[in-house]
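Enquirer: Predicted model and sequence below, questions to follow.
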Amino acid sequence: MHGNKHVVFVTWKTGNAPAFEAAKRLGHEVTLIRSRAMERMQHVDFDKTPFGRFVDTVHTLDDATELAALRACVHEIHARRRIDGFLATVDALVVPVARIAEELGIPFTSVEGAVTAKAKNRCREVLEEAGIDRTRHLVLTDSRQTKVTTAESGSGGSRHWPRTGLDQARAFAADAGFPIVVKPASGSGSEGAHVLRDDLALAEFFATADPAAYPTGMLVEEYLSGRFVSAEIGLARGEVVRLAISERTTWARHEALETGTTIPAVIDDDAHEAVMDFAERVIKAVGLRMGIFHVEVMLTAAGPRLIELNPRIMGSCLPNLFCLAGGGDLFELLVRIYLDEPVAHKAAFDGYATVRWFGATDATPAPAEVPDLSWARGYGDTLRSLTVRLPESGVFKACRGNLDNFGEVQTVHTDHDESVRAAEEIVQKIEAQLGIELTK
């Protein structure tokens, strides 16, 4: 017997798997398209997840980001039973799914909006043209064409990169001032992102930078200082759904690496309104049509400025944090929005949920087995999850991106400071137990 509607999930992440259960609870038929490549990258095994029982049909692809293979799979599914809604919560799949949804006439985030959000330089240009955000930036490519854009100077110039990339980046830094930020023009997970604080660091970076890490170009930006937060915000039938502001922490030795989040942020009403209003203007200017979006923002002395726009729900375990903090059933809301249903949701948090991710600061041998963590039971209900995963290689990588983390702790408490304190204390205890320095 078919459910009320047919929902297709295009790949999955452990943190978003509860959406399978939400869809079944709502009476729908659930189809999942798996991607072996992504599951290996994320170190997840669908066959071991407890949420597999909520999936009616599974299709497995080697790499779901290959548009032709994904299109063929989706058309086969659609021919069997019409697809009523897609859910794609992985960065690399939002654009391909948007293209296929448009071809089949299935409601989803717009192709143009998804493409613009993922192309960070194009997103910057759109927001500048709309007068929303004038963060100065420069795009370097390793081809013959290089586009330079700042609020003052517009665009111009053709250059070769990386041979003359250093010269252009130096010229940009002379105008914008150090520090500067470099990152892939498209990408996620903090991979390839660096804060360069002076000319020496800039020269050292270009001496070793691998162009392959920046396949669509390198985005050079002015450094933004202030309070790092993110707005979790939805669009349902053109109506904005304001969900939460999350506070973010980064590693002091490599600021591009995020080490944790607390939901909700402790933030005054004026700042809350400023961030949410800014996020709303951003997603509408870019043309995102429907979904739940993750808008990373630096709340500067001059107001909110964009760090990054993600055309999908917040990643990792953050949806679960939202629920742990009392924000409501985010997974049911996600399903309803992508089925193009009317929604009404107002988060009423009764606690603070914190995550701290950690990895090794330098490459170092890993122990033969996970150490005894039974002491963590002393944290009682405050501790909701603790994971330590040993690398198959037997060596911890130097953690410089989200995928290099080997551990995660989630805590929740009615007091903000206690939630944060418990999470950070647990990481410190694991650091002492392992005898290696951790990112924290």
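Expert: Noted; the coordinates are in hand.

Enquirer: tell me which residues in stretch 39-55 are buried?
Expert: Glu39, Gln42, Val44, Phe46, Phe51, Phe54, Val55 (16 or more other Cβ atoms under 10 Å). For glycine as for every other residue, the C-beta is placed from the backbone atoms N, C-alpha and C.

Enquirer: residues in contact with that stretch?
Expert: 9, 11-14, 17-18, 20-21, 23-24, 30-32, 34, 58, 389, 403 (Cβ atoms under 8 Å, 6 or more residues apart in numbering).

Enquirer: In CSV, could you pull the C-alpha coordinates for it?
Expert: Taking Å, rounded to 0.1, in the frame of the first residue of the first chain, the C-alpha atoms of stretch 39-55 are listed here in CSV:
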residue,chain,number,x,y,z
GLU,A,39,29.0,7.3,2.3
ARG,A,40,32.7,6.4,2.2
MET,A,41,33.7,10.1,2.5
GLN,A,42,31.3,10.5,5.5
HIS,A,43,32.2,7.2,7.1
VAL,A,44,28.6,6.1,7.3
ASP,A,45,27.0,2.7,6.7
PHE,A,46,23.4,2.7,5.7
ASP,A,47,23.1,-1.0,6.5
LYS,A,48,23.9,-0.2,10.2
THR,A,49,21.6,2.8,10.6
PRO,A,50,18.5,2.2,12.7
PHE,A,51,16.6,4.5,10.2
GLY,A,52,16.8,2.0,7.3
ARG,A,53,13.6,0.5,8.4
PHE,A,54,11.8,3.7,7.5
VAL,A,55,12.8,3.4,3.8
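
Enquirer: just checking, next helix/strand downstream of the helix or strand of the chain with the lowest mean pLDDT?
Expert: Every helix and strand in the chain was compared by mean pLDDT, DSSP states H and E; the lowest is strand 147-149, with a mean of 43. Along the chain past strand 147-149, the next helix or strand (assigned with DSSP states H and E) turns out to be helix 165-176.

Enquirer: shaky segments in this structure?
Expert: Residues of the chain meeting the criterion pLDDT under 70: 1-3, 142-163, 188-189.

Enquirer: Okay, domains of it per the record?
Expert: By the assignment in automatic domain parsing, the chain contains the domains 6-108, 136-222, 224-350, 354-440.

Enquirer: To Glu129, which of those domains lies closest?
Expert: domain 224-350 (8.4 Å; Cβ to Cβ).

Enquirer: still on that earlier bit, name the member of the buried residues of stretch 39-55 with the shortest distance to Ile337.
Expert: Using Cβ to Cβ, the buried residues of stretch 39-55 come closest to Ile337 at Phe54, 18.6 Å.

Enquirer: Find the nearest non-adjacent residue to that closest one, please.
Expert: Phe20 (4.0 Å; Cβ to Cβ, 6 or more residues apart in numbering).

Enquirer: just Met38 next, same as before
Expert: Leaving out its chain neighbours, the residue that sits closest to Met38 by Cβ to Cβ, 6+ apart is Thr11, at 5.3 Å.

Enquirer: residue contacts, the one you found?
Expert: Ile33, Arg34, Ser35, Met38, Glu39, Ala64, Ala88, Thr89, Val90, Leu93.

Enquirer: what kind of secondary structure is the fifth one in?
Expert: It refers to Glu39. Three-state assignment for Glu39 (DSSP: H, G, I helix; E, B strand; the rest coil): helix.

Enquirer: tell me the contacts of the spatially most central residue of the chain?
Expert: Nearest to the geometric centre of the chain sits Gly315, at 4.8 Å (Cα atoms, centre = their mean). Listed by Cβ under 8 Å, 6+ apart, the contact set of Gly315 reads Lys13, Gly15, Thr89, Asp91, Ser188, His294.

Enquirer: which phi and psi does it have?
Expert: phi -90, psi -170 (degrees, to the nearest 10).

Enquirer: As a check, name the ranges of all helices in this protein.
Expert: 18-25, 36-42, 67-80, 91-104, 111-118, 120-129, 165-176, 199-208, 269-286, 318-324, 330-338, 416-434 (DSSP state H).

Enquirer: closest to Glu408 out of the ones you listed?
Expert: In terms of Cβ to Cβ, the element of the helices of the chain nearest to Glu408 is helix 416-434, at 9.6 Å.

Enquirer: contacting residues around that closest one?
Expert: For helix 416-434, using Cβ under 8 Å, 6+ apart, the contacting residues are 260, 262, 266, 351-356, 358, 367, 371, 373, 375-376, 379, 382-383, 386, 388, 407, 409-413, 437-438, 440.

Enquirer: PyMOL command for the buried members of these?
Expert: Typed into PyMOL, the line below selects the buried ones among these, using 16+ other Cβ under 10 Å:
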select buried, resi 260+262+351+352+353+354+355+356+358+379+382+383+386+388+407+409+410+411+412+413+438+440
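
Enquirer: so how far is Glu308 from Pro184?
Expert: Pro184 sits 11 Å away from Glu308 when distances are taken as Cβ to Cβ, to the nearest Å.

Enquirer: okay, and the common contacts of these two?
Expert: Lys120.

Enquirer: how much does the strand ranked longest in the chain deviate in direction from helix 269-286?
Expert: When the chain is parsed with DSSP state E, its longest strand is strand 239-251. Put simply, strand 239-251 runs at 110 degrees to helix 269-286, going by axes from the mean of the first three to the mean of the last three Cα atoms, to 10 degrees.

Enquirer: List the buried residues of strand 239-251.
Expert: Val241, Arg242, Leu243, Ala244, Ile245, Ser246, Glu247, Arg248, Thr249, Thr250, Trp251.

Enquirer: got CSV for those, with distance to Arg170 too?
Expert: As requested, the buried residues of strand 239-251 are arranged in CSV below (distance: Cβ to Cβ, whole Å):
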residue, distance to Arg170
Val241, 44
Arg242, 42
Leu243, 41
Ala244, 40
Ile245, 36
Ser246, 35
Glu247, 34
Arg248, 30
Thr249, 31
Thr250, 25
Trp251, 26
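
Enquirer: Looking at those residues, which one is closest to Pro342?
Expert: Val241 (10.8 Å).

Enquirer: Can you get me a residue count around the closest residue in space to that closest one that isn't next to it in sequence?
Expert: Excluding the flanking residues, the one nearest Val241 by Cβ to Cβ, 6+ apart is Gly234, at 3.6 Å. Neighbourhood size, Gly234 [other Cβ atoms under 10 Å]: 23.
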